[in-house]
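K.L.:
What follows is a predicted protein model with its sequence.
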Amino acid sequence: MASGTLFTYPDNFRAFKALIAAKYSGADVKVSPGFKFGETNKSKSFLEKFPLGKVPAFESASGDCLFESDAIAQYVSNAQLIGANARDAAFVQQWIHFAENEILPASCTWVYPCLGIIQYNKQETEKAKEQIKKALGVLNGYLSKRTFLVGERISLADIAVVCDLLLLYKHVMDPSFRSSFVHVNRWFTTLINQPQFSAVIGSFQMCTKMAEFDSKKYAEMHGQQGGGKKDKKEKPKQEKQAPKKKEKEPEPEEEEEPKPKESKDPFASFPKGTFNMDEFKREYSNKDTLTEALPYFWKNFDKENFSIWYSEYKYNNELSKIFLTANLVGGMFQRLEKLRKNAFASVCLFGEDNNNSISGIWVWRGHDLAFELSPDWQIDYESYNWTKLNPDDEKTKKLVTEYFAWEGDFDGKKFNQGKLFK
C-alpha cells in the first residue's frame, strides 16, 4: 500500500485525483501542511526532487518522487482502480487521456478568464464551448447504457474525468447548457456524492448561472504584476484601467463585455398557438410517460399551429458501432441548439453493433420542415427522410406512443436506446 506526502495548494482539482484514489485504495496520503505555492515549489530542496516546480507533486515514503496528477493518482491506486486486467487498464487509460486532451484544455480556456486568471478571448472561448459540447456528447453517448466508465465499479477513469469536469460544472455549465447531457449529469452527480469523493471535494454546488469574464477582476488580480516601466508613469487609480492600455487591448470594449450575437428568431412571425411546449417538456420529464405525459400531449396539442414528423436515417447501411450512431444523433442535437425552444424529439436507435438504424418522432411549431428556416439548422437534416404525420390518424398516435415511451413493437425493430431533444 502506497504512502507519502502530496504537495499542493488548497482546492487544486488536479490534486483531488490522488486524494480520492487514496480514499478508495486505502493509501496513506497526507498533504504537506507547510507548503506555500510560489515559495516552497521554488526552493532548492523542492526543485532537486521535482525539477519543473509543478504541483501537485508526490514524495512516497520509500523516496519515489512523482509529478503529473494522473501519474500520482495511479501510484496511490489499487488494482481495482487502475484495471483488474489488461483490457480494463487500457480503457481506464483511454478515458484519462480523453479528459486531459479533449476536456481540460477547453475547460481552462473557458473558465480561467471568468476567474480572472487569464485574459478573455472571444474567439477562443467560443471554440472551447464547442469543444466541450463535442466531448460531452461523446461521453453522454457512452454513458447512456453504463453506470461507470469501465466495468461495474468506480475506477481511476471515473475519478480523473470527474475532477477534470469540476471547473465546468462549478462555474459555467448552467442548467441550460448541461441539459443535453443527461447521462453525464447522472454519472457526475452519482460520483461526487460518494463518500470518498465528498471527503475530498466537500459539498459541491453546480453552477446556476454561467460565469462571464470580469475585466475589473482581471485587472485587480494582475495589476500588481505590471511592475517596472509601465507602473512608473501611472497613478495608483489607473491600475484598475489596465484594459485601456493600447499595447494590451486593441479592442478593449468588445473583449471586456462580450455579448452574444443576436440573430432573428425564425419562429418570430409564427402564430403562438395554444400548445405550451415548455409545459409539455416538464410533464414528459417529471411524470409517467404513458399515464400522464402522453395524455397531456394529446389533450393540448394544437394541430393548427404545430406539426408532427417522422424521421428516418437514409444511410443505415453505413452505421457501425452503436456508440458512434449515438454520437451521430447527439452531434445533430448540439447543432440544433437554437431550435430547442420550439421543438421536441424522441429519436431511437435500433439493432446492435454493425446492424443498426435511426428513426424518430419530431414535434415543432409550423407545418413546414423547420430546418429550412435557418442555414444553421441545415447541416444534418438532408441525411434523413422526413414524413409529415396526420395527428388524427391512429397510426400516428401509435408511433408517438412508442417513440415517446421507448417501448412497443416498432414494426419489428429491436429497440436499443433513445435520445431526447428537449
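P.N.:
Noted; the coordinates are in hand.
K.L.:
Point to the residue nearest the middle of this protein.
P.N.:
By C-alpha atoms, centre = their mean, the mean C-alpha position of the chain lies nearest to Leu136, the distance being 4.1 Å.
K.L.:
Once you drop chain neighbours, what's closest to it?
P.N.:
In this structure, Leu136 finds its nearest non-sequential neighbour in Phe181, 4.7 Å apart by C-beta to C-beta, 6 or more residues apart in numbering. Bear in mind the C-beta positions are built from the backbone N, C-alpha and C, glycine included.
K.L.:
ok, now which ones touch that neighbour?
P.N.:
Taking C-beta atoms under 8 Å, 6 or more residues apart in numbering, we find Phe181 in contact with 136-137, 139-140.
K.L.:
among the residues you listed, which are in strands?
P.N.:
With DSSP state E as the criterion, strands contain none of those.
K.L.:
does the residue nearest to the centre of the chain really touch Asn185, like I thought?
P.N.:
No: the pair Leu136 / Asn185 is not scored as a contact, 9.5 Å apart, by C-beta atoms under 8 Å.
K.L.:
Give me the neighbour count for Pro51.
P.N.:
10 (other C-beta atoms under 10 Å).
K.L.:
helix, strand or coil for it?
P.N.:
At Pro51 the chain is in coil, as set by DSSP: H, G, I helix; E, B strand; the rest coil.
K.L.:
Do you know the pLDDT at it?
P.N.:
We note a pLDDT of 94 for Pro51 in this prediction.
K.L.:
for the one 4 residues further on, same thing?
P.N.:
Predicted confidence (pLDDT) for Val55: 94.
K.L.:
next one: the one 4 residues further on
P.N.:
The per-residue pLDDT reported for Glu59 equals 95.
K.L.:
helix or strand for it, which one?
P.N.:
Element membership for Glu59, per DSSP states H and E: strand 57-60.
K.L.:
Quick check: what element follows that strand along the chain?
P.N.:
Per DSSP H and E, the first helix or strand lying C-terminal to strand 57-60 is strand 65-67.
K.L.:
list the buried ones in that following strand?
P.N.:
66-67 (16 or more other C-beta atoms under 10 Å).
K.L.:
Give me the sheet partners of it and which way each runs.
P.N.:
Using DSSP bridges, strand 65-67 pairs in its sheet with strand 57-60 (antiparallel).
K.L.:
Which phi and psi values does the nearest residue to Glu337 once chain neighbours are set aside adopt?
P.N.:
Once flanking residues are discounted, Glu337 sits nearest to Ser180: 7.9 Å by C-beta to C-beta, 6+ apart. The phi and psi values for Ser180, taken as degrees, to the nearest 10, are phi -80, psi -20.
K.L.:
For Ser180, list the residues it contacts.
P.N.:
With contacts defined as C-beta under 8 Å, 6+ apart, Ser180 is in contact with 133, 136-137, 140, 330, 333-334, 337.
K.L.:
Any of these buried? List them.
P.N.:
Buried residues within the contacts of Ser180, counting neighbours by 16+ other C-beta under 10 Å: 133, 136-137, 140, 330, 333-334.
K.L.:
Hmm, Glu407 is touching Lys398, no?
P.N.:
No: the criterion here is C-beta under 8 Å, and Glu407 misses it with Lys398 at 12.0 Å.
K.L.:
which intervals of the stretch 101-250 of the chain have sub-threshold pLDDT?
P.N.:
Applying pLDDT under 70 to the stretch 101-250 of the chain picks out residues 222-250.
K.L.:
hmm, 90 instead?
P.N.:
115-122, 145-146, 151-153, 203, 213-250 (pLDDT under 90).
K.L.:
show me where it has helices.
P.N.:
104-114, 122-143, 156-167, 175-178, 182-192, 195-201, 215-222, 228-232 (DSSP state H, counting those that start in this stretch).
K.L.:
Count the neighbours of Ile103 for me.
P.N.:
23.
K.L.:
what about it, distance to Phe275?
P.N.:
Computed as C-beta to C-beta, to the nearest Å, the Ile103 to Phe275 distance reads 38 Å.
K.L.:
Also Leu294?
P.N.:
According to C-beta to C-beta, Leu294 and Phe275 sit 14 Å apart.
K.L.:
what about the closest residue to Phe421 other than its chain neighbours, which SS state?
P.N.:
Distances taken as C-beta to C-beta, 6+ apart place Ala345 nearest to Phe421, at 3.9 Å, with adjacent residues excluded. Counting by three-state DSSP, the backbone at Ala345 sits in strand.
K.L.:
contacting residues for Ala345?
P.N.:
Residues in contact with Ala345 (C-beta under 8 Å, 6+ apart) are 311, 360-363, 420-422.
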